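1. 3D model of this:
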Amino acid sequence: MEPLLYRTLAPWYRLLDPPEDHADEADSYRAAFHRAVPSAKTLLDLGAGAGHNASHLKSDYHCTLVDISEPMQALSRELNPECEHLLGDMRSVRLGRTFDVVLLHDALMYLTTADELAAAIETAFVHTRVGGAAVFAPDIVLDDFRESENVYTGEDGNRALRCLEWCWDPDPTDTTFFVDYGFLLREGREVRAVHDRHVEGIFPRDTWFALLEKAGYGVETFERPFDDIHYDHVFLCRKP
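-> Below is the predicted model:
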């Protein structure tokens, strides 16, 4: 079942995750793409969600945004009306064309088996032109996983959101973990509570390298910032 955040709670999404919070992340993707393919003009964003990364990249690339969720694509169309939007599953979509650069980020976390991950990698590979590049940017890899909690707040007129995010792993021997969101949502004087569980996939860095190289990519890593102090390493893949 698709999480509530991408269905009935989609109208609240930008209070949880404002587009401006993705500026530094998008800058790191732009820099990686520029290093790999300086002449790139077309970008395919697989699992584009609400289009927050694309909102920072569309000034540099003609962007095609693919996502499986109609409510999230509706948010992206509002933010990025000049971009091409297509409904599709990153595991299976085939557009019949290639792009200079391909981006897969947060939505990768909903691939919960190695077969699903390999399918999404194959999708990216067949859409990357020869000499092009792809960035794979999962939220976390198994090597770096720790149980964690975060609190988010957002307000817009008479609407306000408070959210506790709790990442935890009930079974460290499998390839999934849980992200539980506890939302308090206020509209005017009314407040309601909503629990939304996301079952996400997690794989060792070695598995990422093995699957990306098996698809035919040359793989390296680069730094992606979380804030002014913290960063992680994600994957820049070149198609020879």
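
2. Not counting stretch 107-124 itself, show me its contacts.
-> 44, 46-49, 67-68, 90-94, 102, 104, 134, 136-140, 175-176, 198-203, 207, 211-212, 214-215, 217, 237 (CB atoms under 8 Å, 6 or more residues apart in numbering). (C-beta placed from N, C-alpha, C; glycine too.)

3. Name the residue most distant from the centre of this protein?
-> Distance from the C-alpha centroid of the chain peaks at residue 189, with 33.8 Å (CA atoms, centre = their mean).

4. Can you pull the phi/psi pair for that one?
-> Main-chain dihedrals, residue 189, degrees, to the nearest 10: phi -100, psi 0.

5. Helix, strand or coil: sort out the nearest residue in space to residue 36 that is not next to it in sequence for me.
-> The shortest distance from residue 36 to any residue other than its chain neighbours is 3.7 Å, reached at residue 133 (CB to CB, 6 or more residues apart in numbering). When classified by DSSP: H, G, I helix; E, B strand; the rest coil, residue 133 comes out as strand.

6. Give me the neighbour count for residue 133.
-> Other residues near residue 133 come to 24 when the count uses other CB atoms under 10 Å.

7. Report the beta-bridge partners for it.
-> Beta-bridge partners of residue 133, counted by DSSP bridges, are residue 101, residue 238.

8. List the residues that contact residue 185.
-> Applying CB under 8 Å, 6+ apart, one finds that residue 185 lies in contact with 9, 12, 159-161, 191-194.
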